[in-house]
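1. Using only what follows, build the 3D model:
(one chain, ligands or ions: 1)
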Amino acid sequence: MESRPLIAPSILSADFARLGEEVQAVAGPGETRADWVHVDVMDAHFVPNLTLGLPVVQSLRKATDLPLDCHLMIEDPDRWAIGYAEAGAYNVTVHVEAAKDPVRIAKDLRAAGAKAGLSIKPGTPLEDHLDTLKHYDTLLVMSVEPGFGGQSFIPEVLDKVRTARRLVDTGHLKVLVEIDGGINADTIEQAAEAGVDCFVAGSAVYGAEDPGKAVAALRDRAAHARH
Ligand SMILES: O=C(CO)[C@H](O)[C@H](O)COP(=O)(O)O
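-> Next up, the predicted model:
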């Protein structure tokens, strides 16, 4: 397990007209600094929403030195994922439900210098994808149906998190466990207790008066829940 909980604000809940400033709002000093910036790429096909793509990620790469955690909610990630690695993403996550050759994607991402992430929707069993997961660096467990920010946390996914944590800790997998959807001051403790390493939070960070303070408060809650 990561020595301290990682917090990844999702810019899905940020003001898209001021993205550079919004990222700077979580790039402050000390505990107010986010660990990663989570970037939701949606294509209006894999999910019923449309957000941003490569040009925005290329611009974000120049606007911040925080690691970019790109979550591709798109059809045909086999074709597009590599571009995000080449654009300087730290971690590029594809959906197990969309990838045709996920092992090849992971190898290509790593060869391009990025971490490879695998995401799984709430209703998809993890057990069907264990052979694939061992080729990846991160597992992004969706705790809402992907597509929109501001939804309610689905507590049933915590069993999947516990399973992933157990597999990682018994040495069968070397992946960082990440969770995305409905993470806020009320839900982060359950996720931390279940064994999450990295917490994506959109509305809980960008809906707060001070996004940096929200990052610090979420990390603090997650850290306390682990003890
Ligand atoms: O991937 C996502 C939605 O598909 C978002 O990252 C996620 O929903 C974050 O928003 P919030 O923390 O408000 O739930």
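
2. rest of the way, CA atoms for contacts and neighbours
-> Will do.

3. the bottom helix or strand of this protein by mean pLDDT?
-> helix 130-133 (a mean of 93; mean pLDDT, DSSP states H and E).

4. Run through who's touching it.
-> 102-103, 118, 139, 173, 175 (CA atoms under 8 Å, 6 or more residues apart in numbering).

5. Show me what counts as buried in that helix.
-> Leu133 (16 or more other CA atoms under 10 Å).

6. Tell me which helix or strand comes right after that helix.
-> Going down the chain from helix 130-133, the next helix or strand is strand 138-142, by DSSP states H and E.

7. elements contacting the very next helix or strand once past that following strand?
-> Next along the chain after strand 138-142, taking DSSP H and E as the criterion, comes helix 158-169. Using 3 or more CA pairs under 8 Å, 6 or more residues apart in numbering; DSSP states H and E, the elements in contact with helix 158-169 are strand 176-180, helix 188-194.

8. what's the helix or strand following the last one packed up against?
-> Just to be clear, that refers to helix 188-194. For helix 188-194, the following helix or strand on the C-terminal side (DSSP H and E) is strand 198-201. Secondary-structure packing of strand 198-201 (3+ CA pairs under 8 Å, 6+ apart): strand 6-9, strand 176-180.

9. Just name the most buried of those.
-> strand 6-9 (a mean of 26; mean count of other CA atoms under 10 Å).

10. Please name every helix or strand in contact with the following helix or strand past that strand.
-> Remark: after strand 6-9, the chain's next helix or strand is helix 19-24, criterion DSSP H and E. Judged by 3+ CA pairs under 8 Å, 6+ apart, helix 19-24 is in contact with helix 54-63.

11. how about the helices and strands packed on strand 198-201 in CSV, adding distance to the ligand and mean pLDDT?
-> Formatted as CSV, the helices and strands packed on strand 198-201 follow (distance: least, CA to the nearest ligand atom, whole Å; pLDDT from 0 to 100):
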stretch, distance to the ligand, mean pLDDT
strand 6-9, 8, 98
strand 176-180, 5, 98
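
12. Contact residues of the chain facing the ligand?
-> For the chain, the residues in contact with the ligand under the definition CA under 6 Å from any ligand atom are 10, 40, 146-151, 180-183, 201-204.

13. which one of these has the most neighbours?
-> Neighbour tally across those (other CA atoms under 10 Å): the maximum, 30 neighbours, falls on Ala201.

14. Please name the residues that touch that one.
-> 7-10, 180-184.

15. The residue lying closest to it once chain neighbours are set aside and Ile183, how far apart?
-> Using CA to CA, 6 or more residues apart in numbering and skipping residues adjacent in sequence, the residue nearest Ala201 is Pro9, 4.9 Å away. As for Pro9, its distance to Ile183 is 10 Å (criterion: CA to CA, to the nearest Å).

16. anything in contact with each of these two?
-> Joint contacts of Pro9 and Ile183 (CA under 8 Å, 6+ apart) are 200-202.
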